[in-house]
Each structure stands twice: as C-alpha cells, then as structure tokens.
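> Show me the folded form of this:
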Amino acid sequence: MAEEAASILKLSDVVIAACTLLGPILAVQAQKWVEGFREKRDRRFNIFRTLMATRATNLTAAHVEAINAVPIDFYGDKPIIDAWEEYFEHLTKSADTGALWGQRRIDLFTKLLAAIGQRVGYAFSAAQMNRIYFPNAHGRMEEDAEAIRTGMAALFKGDFNLPLAIKSVPVDPTTAELQATLNKKMNAAYADDGSFRVTILPQ
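Have a look, this model is predicted:
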C-alpha cells in the first residue's frame with residue numbers, strides 16, 4: 001500500500017513538473033495562434049472594407065491592391081477563390097470593354113464582394129452593395145485628370161503639339177516709334193527689285 005501511494009505521488013510529481021514546464025510553452029503557442037488568427041481576420045476585413053469603400057473607383061491603387069490580395073488572404077476558401085478567378089478572368093481576358101462588359105464586371109464584382117462580406121460577417125444585399133455615393137464633381141475630376149495624363153504623355157512622346165496663338169503683345173510707344181523709323185530707313189535702303197542701294201561718294 002505504501003509502495004502504491006509512493007508511485008502515485010511520484011506520478012503526480014511528474015505531472016506537476018510537466019505542467020510547470022509545458023504551461024508557459026503552451027501559453028506562448030496559444031498566444032501566437034490567437035495573434036495569427038486576429039491578423040488574418042484583420043487582413044480579410046481590410047480587404048473587404050477597401051473593396052467596399054473603393055467600389056466606385058475600381059482603378060485606384062488601393063482597389064487594385066485589395067483585389068490582388070484576395071487569393072493570398074482567402075487561400076483555400078473555395079467560394080471566394082472561385083468568385084475571384086471568375087472576376088479576374090473577365091478583367092484580363094475580355095477584349096471588349098463596352099457597356100455589356102462593364103455591366104458583367106459589376107455583376108462579378110458584386111458576387112465576389114458578397115462572398116467576402118459573408119465570410120467576414122457582413123450580409124449586405126446586392127442592392128446595398130450597388131448603392132454608391134459618387135459625386136458628379138469627382139467624376140469630372142477623374143475625367144480631367146485622365147485627359148491631362150493622356151495629353152501630357154502624348155506631348156512628351158511627340159504625338160501632340162501645343163497650339164499657340166499670340167493675341168496681343170505689350171508694346172512700348174517709344175520702342176514702337178523707333179521700330180517704325182528703322183523700318184522706313186530699311187525700306188529706303190533697298191530698291192524695288194530687292195537690291196541694296198549703294199551710293200559711291202567721290203574722294
């Protein structure tokens with residue numbers, strides 16, 4: 001009986017020692033797992049937030065960066081990856097970029113956005129995601145910026161010349177009078193046939 005009690009005591013000592021040693025290690029590993037989970041969750045939420053915030057300006061750097069981050073931060077999530085691949089295929093493989101292409105792009109983007117939103121806890125409807133505030137002034141600013149960009153690029157490449165039209169030149173009255181006198185003397189110095197009049201004076 002005493003031997004059995006001693007063996008149980010030794011076993012409990014081993015368990016206590018093991019817990020004492022492994023406790024901090026397990027706690028650190030658990031903390032790392034929690035931090036990794038939070039970082040992944042935050043990255044996914046940031047992608048969704050960026051795509052929602054820039055859905056009216058899909059050519060901005062932030063929007064493009066978020067689209068390209070989807071297959072990284074949602075790796076292995078089949079519904080989202082499938083929706084992303086379909087959207088990516090449409091963006092990169094379609095030659096036509098007319099009205100039908102644009103509407104198809106919006107439909108595929110909304111599908112991708114809905115899948116991501118559901119994963120991060122936002123169940124927006126398609127109508128809610130398509131409700132976008134985009135002031136007309138912003139549209140005009142983007143059009144002007146694009147016109148300036150393409151115009152400057154054409155100018156630097158030599159494909160475009162700046163039209164110049166001199167409407168008026170400030171003239172000083174004294175300078176104008178001297179110029180007129182000079183013009184009269186120049187006209188008097190040339191014959192009608194354009195030859196220069198030379199007078200030879202006797203010595």
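> and the closest residue to Phe160 other than its chain neighbours, helix, strand or coil?
Distances taken as CB to CB, 6 or more residues apart in numbering put Ala154 closest to Phe160, at 3.8 Å, once the chain neighbours are dropped. Using the backbone N, CA and C atoms, a C-beta is placed for each residue, glycine as well. Using DSSP: H, G, I helix; E, B strand; the rest coil, the structure places Ala154 in helix.
> so Ala154 makes contact with Leu162?
No. Here Ala154 lies out of contact with Leu162, judged by CB atoms under 8 Å, at a distance of 10.7 Å.
> if we can go back for a sec, burial count for the residue nearest to Phe160?
Taking other CB atoms under 10 Å as the neighbour definition, Ala154 ends up with a count of 12.
> ok, and for stretch 111-118, which residues are buried?
Residues Lys111, Leu112, Leu113, Ala114, Ala115, Ile116, Gly117 are the ones in stretch 111-118 that count as buried (16 or more other CB atoms under 10 Å).
> the helices in the chain, which residues?
Under the criterion DSSP state H, the chain contains helices at 2-53, 61-73, 78-93, 99-120, 126-129, 136-157, 173-189.
> Format these as a markdown table; extra columns: mean pLDDT.
A markdown table is the format used below for the helices of the chain (pLDDT from 0 to 100):
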| stretch | mean pLDDT |
| --- | --- |
| helix 2-53 | 72 |
| helix 61-73 | 94 |
| helix 78-93 | 92 |
| helix 99-120 | 90 |
| helix 126-129 | 75 |
| helix 136-157 | 76 |
| helix 173-189 | 81 |
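> Just send those helices back as JSON lines, with distance to Ile166 too.
Converted to JSON lines, the helices of the chain look like this (distance: least, CB to CB, whole Å):
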{"stretch": "helix 2-53", "distance to Ile166": "48"}
{"stretch": "helix 61-73", "distance to Ile166": "41"}
{"stretch": "helix 78-93", "distance to Ile166": "48"}
{"stretch": "helix 99-120", "distance to Ile166": "44"}
{"stretch": "helix 126-129", "distance to Ile166": "54"}
{"stretch": "helix 136-157", "distance to Ile166": "20"}
{"stretch": "helix 173-189", "distance to Ile166": "16"}
